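K.L.:
quick one, what's the 3D model for this:
(3 chains)
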Amino acid sequence: MSTATHVHVEHHDAPPRGIWRWLSATNHKDIGTLYLVFSLIMFLIGGCMALIIRAELFQPGLQFVTPQFFNQMTTMHALVMVFGAVMPAFTGLANWLIPMMIGAPDMALPRMNNWSFWILPFAFTLLLSTLFMQGGGPAGGWTLYPPLVLQTGNAFPFVILSVHMMGISSIMGAINVIATILNMRAPGMTLMKMPLFVWTWLITAYLLIAVMPVLAGGVTMLLTDKFFGTSFFNAAGGGDPVMFQHIFWFFGHPEVYIMILPAFGVISMIIPTFARKPLFGYSSMVYATASIAFLSFIVWGHHMFTVGMPLAGELFFMYATMIIAVPTGVKVFNWVSTMWKGSMTFETPMLFAIAFVILFTIGGFSGLMLAIAPADFQYQDTYFVVAHFHYVLVTGAVFSLMAAAYYWLPKWTGHMYDEKLGKIHFWLSVIGVNILFFPQHFLGLAGMPRRIPDYALQFAEFNALSSIGAYIYGFSQLLFVYIVIKTIRSGEKATDQVWEGARGLEWTLSSPPPYHSFTTAPEVH
Amino acid sequence: MTAPTTSQANRRTLRRLLLIAAPMFGFGFAVAPLYSVICSLTGLNGRTSDRPVAVAEVQGEVDKTRTVTVEFVANVNESAPWEFAPKVVRMEVHPGQFYRTSFIAQNLTGAPLVGQAVPSVTPGPAAPHFQKIECFCFSRQAFKPHESKDMPVVFRLDPSTPADISTVTLSYTFFKVEDKGS
Amino acid sequence: MLANLLARMRYPALGLGLLWSLSAAADLKLNMPEGVTTISHQIYDLHMTILWICVAIGVGVFGTMFYSIYYHRKSKGAVPAHFHESTTVEIVWTVVPMLILIFMAVPATRTLINLEDVSKPDLTIKVTGYQWKWSYDYLDEGISFFSTLSTPAEQINNLAPKDKDYLLEVDNPLVVPVGKKIRILTTAADVIHSWWVPSLGWKRDAIPGFINESWALIEKPGVYRGQCAELCGKDHGYMPIVVVAKTQEEYRQWVESKKAAKTASLGSDNPGPAMTNAPGQPAPVTAAQ
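P.N.:
So this is what the prediction gives:
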């Protein structure tokens, strides 16, 4: 064991009390908790923005907000959900679970871990404060396309700075994950014995380190274009606004996988537990994850088929994107095979995991349709795309986070959650989310563009339906908050193994686990 | 594992990973020149060269057997108070031959103005083959109040222009150049 | 109909029968329009082919899963098997999807090549996106005009009942002939816009300083409506597109009347955009050297 960790153990065997415990936190569980609580708050804030959007879209005509504010809501909703809710939530899971899963006492770089979390509240305070500035918050979409984004008012430099801060936070978090996985594994825990959640996070962390700096570079160029007279994206000075789209999506497509690969990991942990059968095709799962990560670097062009690329470019990006269906398909087939001839029970985590497999696959199908370049000329920038990425990110990433929360909450808190309430939460969520997003496929195909505050009458019925779904889904998340608080405070005592079929090092620790996970490394065979 | 090794290993890993992150930040900026090079080779964004081609440099014989339609389009960026139009809308050209045409621009304001015309060619793959030995787009154009100018372009389509290209559109967009310059 | 059926097959448990009754009641549009151009039919067919392949795969995968969920559950006394890998099946389910993808890629490639074949147009129209309106320039006719939303603000602010074509109506529609290959150049004057009429089968970004091209051959006369598809600021939702396709005879008449109106108003306030193109004359070809 490392000296650093030993010293750390001596000084902080019991956590300091009060606020200082959290401000000075270097313990992986405390930081994991901070990340998870932060992301839950952001999820609720971003959710409120979504509800404002859906309220305005409930009926044709302008009812509640101005078009400018509507655009601020769509922009902020995306930024908050992507960078504030989903990414920190997975980092929180990584902090809590990776040391426990690989038999380490803590994360590799605990002090950096503290910084990487505490940057985030400042970044998001900055970002959210722009809503109250002269000219309002950013309204050019989370993709920040110039020249439109350069029309942002006083908020502009604040948005760029907050994106930089989020990027730095993610990179530090990713470095920590990699260092922990590479250097802190228990003896005998070879790479190919690591739980799949650890594997997917290892690959995700490399993606983060590779692409977050590219985004930082891109937004810095926006900043210099706006304030220092450069012309990277300004046609008048010899630049090209489309180049920003290339840079953005070179970051943006791997970013999509940054948000979904850890979800694959979570699902690959949960399904075997409740099927009481080992994961089918472990090594093919690892290879599939790695190939998806590799492919994510060469498909960015499919986000910009309509900008007018030469035919060869369109063909390349179309074929490369279609190929992603293969490793993704392998994953789905492996999950189904894991269930096959198992002995399944359906506790809340398993319900969310099954919903994930079905609904994420539907998102995958629409993704495959979007990959077909000629058809994409119709789908691009419509509600079909909105439906697609919400199936992937809400019923994909967010559902996996819900599954993870129910699955590990007894381990984290030492209490069982209320199974009955959990199931109610699941059914409300899954029904609400489908009423919310499924009709959006029809809206998009029928011709409704995205990011519009008002729409033609032919879209009225499905928009109303979608808004109803949004409110069911949105409010049922309050039930989740209640369940979590209730579980932290009380509840039936959880056993160490928690689930009958659970396998892995984290289940050998007590529930809740000791402050330092494995002070002596376990032997893995 | 002995105690110091892990923390040393962690720091080593940290350093190595920063060595990935830092160049990737640089890569973001390196995209700009890289993109220009790719565009000038493939015509990815339809931008023609911003430098004149020397007459001595051009290669290839005039191909009288082949005719390509060249269309001229003028646009004015919204901030730019010009009237701007091509003198002719289209020409039938033989690859390899030089042609001259011109665009007419008028300053609609009572103040002096400086403008910059930005060329764009579609289809993109034709752009690298669109050669100009003279063009008002190579430099900024100063206009006196209400001045009208006839601005020439002398161009040639390289004989190596891909055979499937039968129409080439040359578009200019006039941008107002702000005083601060850049 | 189709998509409804589809929704029901994908969601046996989720009661999307609701959608069924809704759509029957209101004649809702669920699917991509087949469109009215040669290319839009190809795109529609491609869309349907891929959709049905996805449905078939979905039925297979989800069917297997639900079978397993139903029969392999602990409450039914299922005992877990122990198998957890098989190189053979991994290879099978890598190769088979690969073949399906190739099967999809062939028509997709063919359609894409057609879509990008802008050669030999009969007429060329330049479309320029502004915040927040469109302008159309008929290069050969010297006609140019702006096209802005004509829905009154009262309707948007719910002070008056909404028309049938609420938000999809303009003052000056784009008028085009049927049966002619129309080449459409797109560009923009401020920020990026995207010109999209679903019935024509595609959208194309309008980028300031750059020019893009696409084409449409409309098969039957009619009024086709679309919208700006790329976020372009505050009134992005309020810059619709209306294309009126006329027979060639009627189109000629329209062009003549437009030209006559232009001659009449020459010298007075010209409502057209600042950048008018000189009328097309026979191109004098002059060698420079």
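
K.L.:
which element is the one residue in chain B that gets nearest to chain A on?
P.N.:
Closest residue of chain B to chain A, C-beta to the nearest C-beta: B:Gly28 (1.8 Å). C-beta coordinates here come from the backbone N, C-alpha and C atoms, glycine included. Using DSSP states H and E, B:Gly28 sits within helix B:3-42.

K.L.:
could I have the following helix or strand past that helix exported to CSV, CA atoms only?
P.N.:
Counting by DSSP H and E, the next helix or strand C-terminal to helix B:3-42 is strand B:68-76. Presented in CSV, the C-alpha positions along strand B:68-76 are these (Å, rounded to 0.1, in the frame of the first residue of the first chain):
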residue,chain,number,x,y,z
VAL,B,68,-18.3,23.8,-68.4
THR,B,69,-20.9,26.3,-67.2
VAL,B,70,-19.6,28.8,-64.7
GLU,B,71,-22.3,30.7,-62.8
PHE,B,72,-21.6,33.9,-60.9
VAL,B,73,-23.5,34.8,-57.7
ALA,B,74,-23.1,37.8,-55.5
ASN,B,75,-24.2,38.1,-51.9
VAL,B,76,-23.9,40.8,-49.4
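
K.L.:
which stretches of chain B have low pLDDT?
P.N.:
B:1-4, B:179-182 (pLDDT under 70).

K.L.:
domain assignment for it?
P.N.:
B:1-42, B:51-177 (automatic domain parsing).

K.L.:
distance between the ends of the longest one?
P.N.:
One end of domain B:51-177 sits 19 Å from the other (C-alpha to C-alpha, to the nearest Å).

K.L.:
how about it and chain A, touching?
P.N.:
Yes. Contact of domain B:51-177 with chain A (C-beta under 8 Å from any C-beta of the partner chain) involves B:77, B:116, B:118, B:122-125, B:173, B:175-177.

K.L.:
out of those, which touch chain C?
P.N.:
B:77, B:118, B:122-123, B:173, B:175.

K.L.:
measure the residue positioned nearest the centre of chain C to chain A for me?
P.N.:
Taking C-alpha atoms, centre = their mean, the centroid of chain C lies closest to C:Pro198, which sits 3.1 Å from it. According to C-beta to the nearest C-beta, to the nearest Å, C:Pro198 and chain A sit 4 Å apart.

K.L.:
so who does that residue touch?
P.N.:
A:378, A:446-447, C:32-33, C:35, C:224, C:226 (C-beta atoms under 8 Å, 6 or more residues apart in numbering or on different chains).

K.L.:
can you pick the most crowded of these?
P.N.:
Ranked by neighbour count (other C-beta atoms under 10 Å in any protein chain shown), the contacts of C:Pro198 have A:Gln378 at the top, with 28 neighbours.

K.L.:
what about A:Trp427, how many neighbours?
P.N.:
Other residues close to A:Trp427 by other C-beta under 10 Å number 13.

K.L.:
just B:Leu41 next, same as before
P.N.:
10.

K.L.:
hmm, it is touching B:Pro128, no?
P.N.:
Yes. The criterion here is C-beta atoms under 8 Å, and B:Leu41 meets it with B:Pro128 at 6.4 Å.

K.L.:
re the thing from before, find the nearest non-adjacent residue to the residue of chain B closest to chain A, please.
P.N.:
Closest residue to B:Gly28 apart from its sequence neighbours, by C-beta to C-beta, 6 or more residues apart in numbering or on different chains: A:Gly217 at 1.8 Å.

K.L.:
from chain C, how far out is that neighbour?
P.N.:
For A:Gly217 relative to chain C (C-beta to the nearest C-beta), the value is 21 Å.

K.L.:
find the closest residue to chain A in chain C.
P.N.:
For chain C, C-beta to the nearest C-beta, closest residue to chain A: C:Gly209, 2.5 Å.

K.L.:
regarding B:Phe155, what is its secondary structure?
P.N.:
Counting by DSSP: H, G, I helix; E, B strand; the rest coil, the backbone at B:Phe155 sits in strand.

K.L.:
would you mind confirming that it is in contact with B:Ile133?
P.N.:
Yes. Between B:Phe155 and B:Ile133 a contact is recorded at 7.4 Å, counting by C-beta under 8 Å.

K.L.:
which residues are in contact with each of these two?
P.N.:
B:Phe98.

K.L.:
higher neighbour count, the two?
P.N.:
When neighbours are counted by other C-beta under 10 Å, B:Phe155 and B:Ile133 differ, and B:Phe155 comes out ahead with 25 against 19.

K.L.:
now do the residue nearest to the spatial centre of chain B against B:Cys39, distance only.
P.N.:
The residue lying closest to the centre of chain B (C-alpha atoms, centre = their mean) is B:Arg47, at 3.1 Å. Separation of B:Arg47 from B:Cys39 (C-beta to C-beta, to the nearest Å) stands at 6 Å.

K.L.:
hey, what's in contact with both of these two?
P.N.:
A:240, B:127.

K.L.:
residue contacts, residue 120?
P.N.:
Unless you meant another one, I'm taking chain A. For A:Leu120, the contact set (C-beta under 8 Å, 6+ apart) comprises A:35, A:38, A:84, A:88, A:165-166, A:169.

K.L.:
I was thinking of chain C, sorry if that wasn't clear
P.N.:
Counting by C-beta under 8 Å, 6+ apart, the residues that C:Lys120 touches are B:166-167, C:181.

K.L.:
just A:Phe64 next, same as before
P.N.:
Here A:Phe64 is in contact with A:52, A:55-56 (C-beta under 8 Å, 6+ apart).

K.L.:
narrow these to just the buried residues.
P.N.:
A:52, A:56 (16 or more other C-beta atoms under 10 Å in any protein chain shown).

K.L.:
ok, of the contacts of A:Phe64, which one's closest to chain B?
P.N.:
Nearest to chain B among those, with distances taken as C-beta to the nearest C-beta, is A:Glu56, at 28.5 Å.

K.L.:
A:Thr66 is in contact with that closest one, correct?
P.N.:
No. At 9.6 Å, A:Glu56 does not count as touching A:Thr66 under the criterion of C-beta under 8 Å.

K.L.:
find residues that contact each of those two.
P.N.:
A:Pro453.

K.L.:
need phi/psi at B:Phe98.
P.N.:
As for B:Phe98, its main-chain torsions (degrees, to the nearest 10) stand at phi -90, psi 140.

K.L.:
equivalent analysis for C:Trp134, please.
P.N.:
According to degrees, to the nearest 10, C:Trp134 has phi -120, psi 150.

K.L.:
specify the beta-bridge partners of it.
P.N.:
Here C:Trp134 shows beta-bridge partners C:Gly129, C:Ser147, assigned using DSSP bridges.

K.L.:
and A:Val214, what does it touch?
P.N.:
With C-beta under 8 Å, 6+ apart, A:Val214 has these contacts: A:247, A:250-251, B:24-25, B:27-28, B:31.

K.L.:
one step back: so what's the residue nearest to B:Gly28 up against?
P.N.:
A:247, B:24-29, B:31.

K.L.:
neighbour count added to the residues you listed, as a markdown table?
P.N.:
Putting the contacts of A:Gly217 into a markdown table (neighbours: other C-beta atoms under 10 Å in any protein chain shown) gives the following:
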| residue | neighbour count |
| --- | --- |
| A:Ile247 | 26 |
| B:Met24 | 21 |
| B:Phe25 | 18 |
| B:Gly26 | 13 |
| B:Phe27 | 17 |
| B:Gly28 | 22 |
| B:Phe29 | 17 |
| B:Val31 | 21 |
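
K.L.:
okay if I get those residues as TSV plus distance to C:Ala105?
P.N.:
Output for the contacts of A:Gly217, formatted as TSV (distance: C-beta to C-beta, whole Å):
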residue	distance to C:Ala105
A:Ile247	28
B:Met24	32
B:Phe25	36
B:Gly26	36
B:Phe27	31
B:Gly28	32
B:Phe29	35
B:Val31	29
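
K.L.:
interface residues of the stretch 1-150 of chain C facing chain B?
P.N.:
So the stretch 1-150 of chain C meets chain B at C:118-121, C:124, C:126, C:128, C:130-131, C:139-140 (C-beta under 8 Å from any C-beta).

K.L.:
A:Met165 - how many residues pack around it?
P.N.:
18.
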